[in-house]
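Undergrad: Sequence and predicted structure below; questions after.
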Amino acid sequence: MPQSAIFRLVPVNRLRLTLAAIAMLLCGVWIGILAFDLMRKIERESDARSDNMQWTLNQVDVELLQLILAIEEARLQPASLGDVRLRFDVFYSRSITLKDSAAFAVLHQDAGFGLSLLHLQDFVNRFVPLVDGPDTDLLQGLAQMSATAHTLSREAHQIALTGVSTFAKETDQERAALKSLLVKVGLLTTLLVATLAALVVILLWLYRGNRRGAAVNLAMLSRLDAIVTTALDAVITLDAGGRIVDFNAAASATFGCTRAEAIGSMMSDLVAAGPEGDAPFQPGVVPAISGQGRVRITARHKGGPTFPAELAVTRAMSDHGPLYVAFLRDLSVYDANEQALVKARDDALAGEKAKADLLVVMSHEIRTPLNGMIGTIELLETTDLQPQQREYLRIMETSGKLLMHHVNDVLDIARLDSGKSPLSLGPVDLAALVAEVLDNQAPNARANGNHLTLIPPPDGRSLVIGDPAQLRQVLLNLVGNAVKFTHDGRISVAIAHQGPAGPTEITVTDTGIGIAPADFDRIFEDFVTLDTSYARRASGTGLGLGIVRRIVARMGGTLSVDSQQGEGSRFRMRLPLPILDRTADSTPLSPVGTHPAAAALRILVVEDTDFSRLIVRDMLLREGHDVVEAEDGAEGIRLAAERRFDLILMDISMPHTDGLQATRAIRTGPGASRATPIVALTAHALSQETERFRAGGMQHILVKPITRETLRATIAAVQNGTNLSPVPARPDPVAAPLLNRTVLDDLIADLGPDRAHGLLTRFLVETGTSIDQLVAGPVLAQLAEVHRLEGSSGMFGAQALHLRLSQIETLCKSGRTAAAQAALTDLTALWHDTEQAYRSALPLPQASSLR
Amino acid sequence: MSLYRLVIASLTAALLGCFAPEVQAQTLPPLTGPVLLTVTGLDPADYPDGKMAFDLAMLQTLGTREITTSSIWTDGTHVYTGVMVKSLATYLKSGAHTLRFRALNDYAVDIPAAETSDLAPMLAYQADHTVMSVRDKGPLWVIYPFDAGAEFRTDTAFSRSIWQVSEIEVLP
């Protein structure tokens, strides 16, 4: 924090201040010492021992002269002898003073002065007896005294002069010492003043720095305060114990309590549940989550309700230890929005799913009556018709087939998009496959005046591992397109391996109208038909290339187009197919059932139950067979009479004309298929019935539920001319599982997950309703319904239900009505269990979504 | 000495605020011994020719204060006996005047009466209880108690310490 930076300055400044104070104190002490010294010196001066010394010294000279004058006076006039004595005494006193006075001690060191003083004292001592003697002696001695005094006058003068020079010198020394002292004091005073000035400058600087720092601090604090106050998130400051020390306005709004109420209470009081939804914070937990980023918690509003919130805690240092700043955001609105968004997405997805399901179901539903229409048209063609009527019929048939084609396209797209229909891989002879496709398209090609060519692989290796059905579909679509958009041209399909190990490139080239480069990408999209000129020449759903694109992608290959408008187009598939080294001639094309070209049969399916018929039809189609459906016995008889089928699958239990009656009619009639093998489809293959079927003209019995394997085995048996397949042992209904997963898995594999699920959903809904009705009424009146349910439950693998219904039907037929009625009672429970088993086995949509 | 003179003396003392009642009360003995001091410049109304002469006895009557001190002019410490200059001035009713002291050696110094006190200066007539000869700076010596304090060792004090005093002139 900047505050601390400012606070840190203080000790440094304090040190400086202390040093300055010490310096000033030293200066002061020094000045004091000097001043004291000065005072003493001045005091010594004022002791003024010298006083009137100069005068005293001069007086030696003067007083000697006065004595001489007095002597001369007395010699002339003896009456004034008293004056001589006075003057002598005065001179005497002076000489004593010079000798004794401490003031003149310094002069005594001067050799000349000392000698002169001795002479003076000699003089006074010599004449004292004379002066103190009688006048007569004094008068006589005056002459001698005068002479001696005269000799002394030069000495006296010398004393005065010595005094002058000595005292002058001494005074000079004193003055010099005083001067140097004064200079020292002056210097020190200057130093002191300078120090004081420096101190003042430092103090001023410190003051300004502090004031600036304080201003910065204040500005920062007020800014921070403004930020915290106006923050949109709750900002809560806590002490180390989790106690609230500050609470901003947003926090008040979030928690519904005022700042005054919040301060002092615990943060844990504001929290209903911690980050993991665990117990509310214990006091002191807040510091532990500091620096952990955002944490989801459940907060508690003052009034009681809780709300989701996001909490982030950071640690800060203060003078009183660590503080924790908690930022808290109310996430109620975010959560609500998110949930709304998720719901919207889910709704949209469900809508998409429902649409796709609807499309599948609708397509499927369309196909059934369409089959009927096309079949009927074919029947009509065999009757006597006017040429006009025949032409109408041809148009109807063409339209019907086109419609069927579209519906199949849609179903293919749905199946491919589900991504769940696996590729069924096996050995495929590409050259043979292409030849078959070209054969298939030959009539159309001839109609358009086109010439078809197959260019087999140059190295002769045309056997690969792949999904023949898918490859066929791709080739059919591409060649079909080429035929459609080419008139009086050539269409060639070339197979070539890019390397010894692939990939394999299949190129479909035509000399048709071509495609504009701008449309290259577009043509592979769904429901794309190019401009109207195409539409005039050819019609389509625009799904063909979309299907090709999907299948090629599923195979892990790439698809590209190259075209010149007016010149033609070239579609190039590059597929990573494993290449087998055996030549096509030496090996079977494919295992039984996987290569329909070798074993394709025309098969009539006579079955009244929609589900069963559809499923059997689809299985047969997937095996590569051509299928014609009949919904009841009468239709079956008619169709069998009109065309020669390779095989007829005949349901036994049908209203009006049952399977046995129909078989008898076919066998005894003049129809085209009177010698065709007939396989019985039955859910309840009792052994005595088997005999009855055989007697009725049926070669084989296929017991429901029908799986791909049993179907294949049966067809193989028919082709091989083997006898009736063994009847599977009848499972015990009590021990039977609710679901036969094999049946169910085959169903899904054959139909594709989407279609299978769509049908299953319908099955579940319809069966539920039927069983409710069944249980409500007398069993005998509903035998047909029991039979229908028995068939469909077998087809969908509801094994326990299937066996129970089969049992009921048998009981009814054998006249044990009461037992049959009794067996009905727990049908609802059984159905309930079965439905549950379906729902747990498969991710089925809710039944309501299809109603 | 008349009553009038007494009254005047008393009034003067009262006016000056400093007095020595025992001095005032005394009457000096008549001049009998040799004259030690002659005072001139006195009010002619009170003193004939404005003069007055003192012998030792008269001075002793006026005061016998003793000051023991050393000095820069003498060897060692001595006891001086004398009369305070202030007492003398008071007695002479010259408290408001300046006194000019004259010495036998022609030295002279002026001491304003106002600058005198009960402590200093003193007009000594004895040193070590002996009358001072001229040779010993007699007969009279104005002396300060030099050892008693720095205030008595000033230039002024030293210059006013006149010895061989024989005459005082009261300046107008």
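TA: Yes, it's here.
Undergrad: Show me which residues of stretch A:634-651 are buried.
TA: A:634-643, A:645-651 (16 or more other C-beta atoms under 10 Å in any protein chain shown). Glycine gets a C-beta too; all of them are placed from N, C-alpha and C.
Undergrad: Helices - which of the residues you listed land there?
TA: A:634-642 (DSSP state H).
Undergrad: Out of those residues, flag the one nearest to chain B.
TA: residue A:635 (160.7 Å; C-beta to the nearest C-beta).
Undergrad: for chain A, what are the nearby residues on chain B?
TA: B:72-75, B:104-107, B:133-137, B:150, B:153-155, B:158-159, B:163-164 (C-beta under 8 Å from any C-beta of the partner chain).
Undergrad: can we see that at 6 Å?
TA: B:72-73, B:75, B:104-105, B:134-135, B:137, B:153-155, B:158-159 (C-beta under 6 Å from any C-beta of the partner chain).
Undergrad: ok, of these, which come out buried?
TA: If we count by 16+ other C-beta under 10 Å, those have these buried: B:72-73, B:104-105, B:134-135, B:137, B:153, B:158.
Undergrad: Centre of the chain to stretch A:190-197, how far?
TA: 69 Å (C-alpha atoms, centre = their mean, to the nearest Å).
Undergrad: isn't residue A:81 right up against residue A:74?
TA: Yes. Between residue A:81 and residue A:74 there is a contact under C-beta atoms under 6 Å: 5.0 Å.
Undergrad: Those two: which has the busier surroundings?
TA: Looking at residue A:81 and residue A:74 with other C-beta atoms under 10 Å in any protein chain shown, you find the greater number of neighbours at residue A:74, namely 23 against 20.
Undergrad: Verify the stated contact: that one with residue A:84.
TA: Yes. Using C-beta under 6 Å, residue A:74 is in contact with residue A:84, at 4.8 Å.
Undergrad: how about low-confidence regions in chain B?
TA: By pLDDT under 70, the low-scoring segments of chain B are B:1-26.
Undergrad: Distance-wise, check the residue nearest the centre of it relative to residue B:64.
TA: Most central in chain B under C-alpha atoms, centre = their mean is residue B:85, positioned 3.5 Å from the mean C-alpha point. Going from residue B:85 to residue B:64 by C-beta to C-beta, to the nearest Å gives 14 Å.
Undergrad: Over to residue A:472?
TA: 169 Å.
Undergrad: and these two? which has more neighbours close in?
TA: Comparing residue A:472 with residue B:64 by other C-beta under 10 Å, the one with more neighbours is residue A:472, at 20 against 12.
Undergrad: for that one, what are its contacts?
TA: Contacts for residue A:472 (C-beta atoms under 6 Å, 6 or more residues apart in numbering or on different chains) come out as none.
Undergrad: what kind of secondary structure is it in?
TA: For residue A:472, the assignment made with DSSP: H, G, I helix; E, B strand; the rest coil gives helix.
Undergrad: Show me where chain B has its strands.
TA: B:37-40, B:52-54, B:65-69, B:78-84, B:98-103, B:108-112, B:122-127, B:130-131, B:141-143, B:165-171 (DSSP state E).
Undergrad: any chance of those in JSON lines, with mean neighbour count and distance to residue A:763 too?
TA: Below are the strands of chain B laid out as JSON lines (neighbours: other C-beta atoms under 10 Å in any protein chain shown; distance: least, C-beta to C-beta, whole Å):
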{"stretch": "strand B:37-40", "mean neighbour count": "18", "distance to residue A:763": "168"}
{"stretch": "strand B:52-54", "mean neighbour count": "20", "distance to residue A:763": "170"}
{"stretch": "strand B:65-69", "mean neighbour count": "15", "distance to residue A:763": "151"}
{"stretch": "strand B:78-84", "mean neighbour count": "21", "distance to residue A:763": "156"}
{"stretch": "strand B:98-103", "mean neighbour count": "20", "distance to residue A:763": "157"}
{"stretch": "strand B:108-112", "mean neighbour count": "15", "distance to residue A:763": "153"}
{"stretch": "strand B:122-127", "mean neighbour count": "24", "distance to residue A:763": "156"}
{"stretch": "strand B:130-131", "mean neighbour count": "12", "distance to residue A:763": "167"}
{"stretch": "strand B:141-143", "mean neighbour count": "25", "distance to residue A:763": "156"}
{"stretch": "strand B:165-171", "mean neighbour count": "20", "distance to residue A:763": "161"}
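Undergrad: Switch those strands over to CSV; also include distance to residue A:237.
TA: Output for the strands of chain B, formatted as CSV (distance: least, C-beta to C-beta, whole Å):
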stretch, distance to residue A:237
strand B:37-40, 102
strand B:52-54, 104
strand B:65-69, 87
strand B:78-84, 90
strand B:98-103, 91
strand B:108-112, 87
strand B:122-127, 91
strand B:130-131, 103
strand B:141-143, 91
strand B:165-171, 96
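Undergrad: mind checking how far residue A:803 is from residue A:823?
TA: 11 Å.
Undergrad: And those two? Which one has more around it.
TA: Shown here are residue A:803 and residue A:823; by other C-beta under 10 Å, residue A:803 has more neighbours (22 against 19).
Undergrad: Double-check that the more buried one belongs to a helix.
TA: Yes. If the criterion is three-state DSSP, then residue A:803 is within a helix.
Undergrad: What pLDDT is listed against it?
TA: pLDDT, residue A:803: 83.
Undergrad: what residues are up against residue B:52?
TA: B:39, B:42.
Undergrad: nope, residue A:377 is what I was after
TA: A:393, A:396-397.
Undergrad: ok, 10 Å please
TA: With contacts defined as C-beta atoms under 10 Å, 6 or more residues apart in numbering or on different chains, residue A:377 is in contact with A:392-401.
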